[in-house]
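Structure of the sequence below:
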Amino acid sequence: MKRRVLITGLGAVSPMGNSVRDSWESVCAGLSGVEPITKFDCSAHDTKIAGELKNFDPLAHVNKKELRRYDDFIVYALAAADMLMEDAAFTGDASPDERACVIIGSAIGGLSTLEKEKENILRTGPRRISPFAIPAALANLAAGHVSIRYGLKGPINCPVTACAAGTYAIGDAFRMIAWNHADVMVAGGTEAAVCPLAIGGFNVMRALSTRNEDPARASRPFDLKRDGFVLSEGCGLVMLEEYTHALERGARIYAEVAGYGITSDAFHMAAPPPGHEGAVRCMAAALGDAGLAPADIDYINAHGTSTPINDIYEAEAIHTIFGEHTHRLLVSSTKSMTGHLLGAAGGMEAIFSVKAIAEGIVPPTINLDEPDPAAGPLDFVPHVARRREIHTAMSNTFGFGGANAVLIFKKFQE
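Purely as a prediction, here's the structure:
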């Protein structure tokens with residue numbers, strides 16, 4: 001029998017703040033985390049803006065030796081995990097070690113480390129490569145280091161399904177608990193790809209916004225004048241816990257995981273098909289897994305990247321699935337404020353979806369000055385957050401290679 005799975009802890013670092021509280025308050029206030037790039041000299045790049053962490057102190061979470069050995073995506077995961085464990089009041093004796101597991105996705109892993117070590121080779125030769133270069137770059141080492149720090153001896157995993165990686169991680173964790181392979185899971189996504197190669201690579205694909213003169217208004221999902229996404233960094237993790245296990249230890253419960261769907265477009269390496277039929281099938285799969293009808297969904301945290309094609313095709317997919325019920329849906333893209341955290345996006349947006357249920361506040365889509373008529377009549381919660389009781393929330397993420405993942409959360413009821 002499928003077991004119930006609850007969300008009992010949250011942890012995050014993002015361009016909006018170095019905690020869940022600060023990130024949530026910032027998105028509810030409609031603030032932007034996008035600013036000029038400071039991590040490297042971007043004068044030769046077309047895009048000079050990104051969503052970087054601000055005033056983040058890594059030494060609050062790792063020591064100086066670890067800081068030299070770890071890529072930032074690992075440091076961000078450890079920081080978010082520290083906050084998650086504290087928020088969940090989870091101690092080592094709360095569950096047998098082998099029944100507690102970690103799944104943390106990342107689209108790119110330690111790209112910055114690889115970039116720096118390549119420069120070392122060119123400058124001083126291969127003997128000067130750091131012996132920690134490969135462990136710092138491997139995408140699964142975020143999950144590995146979190147499991148090591150907290151003694152979580154169950155399986156670890158790392159989905160690398162591009163922008164859907166964080167959602168895959170949470171969904172796969174949900175299934176592990178539901179089918180009795182674990183009792184507790186730490187899951188989400190982490191990314192630290194604000195570096196010359198990533199910015200330059202996305203630039204030549206014409207995927208990034210070049211609204212450098214007005215960073216806060218650069219990410220504008222569903223707006224007619226959108227010109228690309230804004231690359232960001234950070235980590236969003238949630239704790240998933242089996243129903244009885246959570247109640248017996250008196251855990252605080254934010255929401256329940258209701259359903260999970262994954263599909264492939266089988267269409268193109270970077271673009272969705274017209275109408276995004278892959279997203280249609282994915283949302284339908286999540287609804288079926290949850291045993292819900294389209295009319296049961298109150299809020300969708302959209303993938304909403306601010307790219308010309310993706311936004312329209314996602315909107316078309318929503319119209320296809322929800323039909324006559326679209327008029328009562330609230331749909332917003334928090335990427336309008338955070339930018340796009342790539343593999344960490346699903347983790348952050350799961351947190352925002354859960355918080356919307358727990359607090360009855362729907363974050364806005366900022367910078368939506370002129371909604372694209374091609375998106376059709378959807379309520380994108382423009383500019384200002386809205387108070388509304390949310391019973392069920394859907395979180396959409398769609399990645400390169402046609403990887404689609406959708407989660408559904410619902411208000412907890414015993």
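
Just want the phi and psi numbers for Lys240.
Just so we're on the same page, residue 240 is Leu rather than Lys. phi -100, psi 140 (degrees, to the nearest 10).

Please list the outside residues in contact with the helix or strand of the chain with the lowest mean pLDDT.
Least confident helix or strand, the chain: helix 111-124 with a mean of 94, by mean pLDDT, DSSP states H and E. With CB atoms under 8 Å, 6 or more residues apart in numbering as the test, helix 111-124 has contacts from 71-72, 128-130, 133, 136-137, 192-193, 195-198. To be clear about C-beta, it is placed using only N, CA and C from the backbone, and glycine gets the same treatment.

Are any of these buried, and if so which?
Among these, those buried by neighbour count (16 or more other CB atoms under 10 Å) are Asp71, Asp72, Ala133, Ala136, Ala137, Ala192, Ala193, Cys195, Pro196, Ala198.

would a markdown table of those with distance to Cys101, secondary structure and pLDDT be doable?
Output for those, formatted as a markdown table (distance: CB to CB, whole Å; DSSP: H, G, I helix; E, B strand; the rest coil; pLDDT from 0 to 100):
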| residue | distance to Cys101 | secondary structure | pLDDT |
| --- | --- | --- | --- |
| Asp71 | 22 | coil | 98 |
| Asp72 | 24 | helix | 98 |
| Ala133 | 27 | helix | 95 |
| Ala136 | 23 | helix | 97 |
| Ala137 | 23 | helix | 97 |
| Ala192 | 23 | coil | 98 |
| Ala193 | 26 | coil | 98 |
| Cys195 | 30 | coil | 98 |
| Pro196 | 35 | helix | 98 |
| Ala198 | 29 | helix | 98 |
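
Which one of these is nearest to Val238?
Closest approach to Val238 among the buried ones among the contacts of helix 111-124 (CB to CB): Ala192, at 19.4 Å.

residue contacts, the closest one?
By CB under 8 Å, 6+ apart, the neighbours of Ala192 are Asp71, Asp72, Phe73, Val75, Tyr76, Gly110, Ser112, Glu233.

again, only using 6 Å
By CB atoms under 6 Å, 6 or more residues apart in numbering, Ala192 lies in contact with Asp72, Phe73, Tyr76, Glu233.

and those as CSV, adding secondary structure and distance to Ala345?
Below are those laid out as CSV (DSSP: H, G, I helix; E, B strand; the rest coil; distance: CB to CB, whole Å):
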residue, secondary structure, distance to Ala345
Asp72, helix, 17
Phe73, helix, 13
Tyr76, helix, 13
Glu233, coil, 11
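
check which helix or strand covers Asn396.
Counting by DSSP states H and E, the element that carries Asn396 is strand 392-399.

Need the residues that contact the helix or strand just after that strand.
Downstream of strand 392-399, the first helix or strand assigned by DSSP H and E is strand 403-410. Contacts of strand 403-410 with the rest of the structure, by CB under 6 Å, 6+ apart, involve 161-162, 164, 167-168, 171, 255-256, 258-263, 278-279, 282-283, 286, 290, 353-354, 357, 392-398.

circling back to that earlier point, partner strands of the strand holding Asn396, parallel or antiparallel?
Strand pairing for strand 392-399, using DSSP bridges, gives strand 299-301 (parallel), strand 403-410 (antiparallel).

Determine which of these approaches Ala44 most closely.
Nearest of the strands paired with strand 392-399 to Ala44, taken as CB to CB: strand 403-410 at 31.6 Å.

how far out from the middle of the chain is the closest one?
Relative to its chain's centre, strand 403-410 lies at 11 Å (CA atoms, centre = their mean, to the nearest Å).

do the same with stretch 30-50
For stretch 30-50, the distance to the chain centre is 20 Å (CA atoms, centre = their mean).

So which residues of the stretch 51-200 of the chain form strands?
100-105, 156-157, 184-191 (DSSP state E, counting those that start in this stretch).

by how many degrees do the longest one and helix 111-124 diverge?
An angle of 50 degrees separates the directions of strand 184-191 and helix 111-124 when computed by axes from the mean of the first three to the mean of the last three CA atoms, to 10 degrees.

what about Phe412, how many residues close to it?
By other CB atoms under 10 Å, the residues close to Phe412 number 17.

what residues are up against it?
Residues near Phe412 by CB under 6 Å, 6+ apart: Ile253, Ala255, Glu256.

helix, strand or coil for it?
For Phe412, the assignment made with DSSP: H, G, I helix; E, B strand; the rest coil gives coil.

From Ala251, how far out is it?
In this view, Phe412 and Ala251 are 11 Å apart by CB to CB, to the nearest Å.

Could you check the pLDDT of Pro36?
In this model, Pro36 is scored at 98, pLDDT.

Pairing-wise in the sheet, spell out the partners of it.
Here Pro36, judged by DSSP bridges, has bridge partners Ile49.

List the contacts of Ala266.
Gly402.

host element of it?
Per DSSP H and E, there is no helix or strand for Ala266.

Now distance to Leu407 and mean pLDDT too, for the strands of the stretch 51-200 of the chain, in CSV please.
CSV is the format used below for the strands of the stretch 51-200 of the chain (distance: least, CB to CB, whole Å; pLDDT from 0 to 100):
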stretch, distance to Leu407, mean pLDDT
strand 100-105, 13, 97
strand 156-157, 17, 97
strand 184-191, 11, 98
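
Just name the most buried of the ones you listed.
Most buried of the strands of the stretch 51-200 of the chain, by mean neighbour count (mean count of other CB atoms under 10 Å): strand 184-191, with a mean of 34.

Just the C-alpha atoms of that strand, please, in CSV.
Below are the C-alpha coordinates for strand 184-191, written out as CSV (Å, rounded to 0.1, in the frame of the first residue of the first chain):
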residue,chain,number,x,y,z
VAL,A,184,13.1,10.2,5.7
MET,A,185,14.6,11.9,2.6
VAL,A,186,16.6,15.1,2.1
ALA,A,187,15.9,16.2,-1.4
GLY,A,188,16.1,19.2,-3.8
GLY,A,189,18.6,20.9,-6.0
THR,A,190,21.7,22.9,-5.9
GLU,A,191,23.6,25.0,-8.5
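
So this protein: which segments form each domain?
Here the domain parsing of the chain from automatic domain parsing is 7-248, 260-408.
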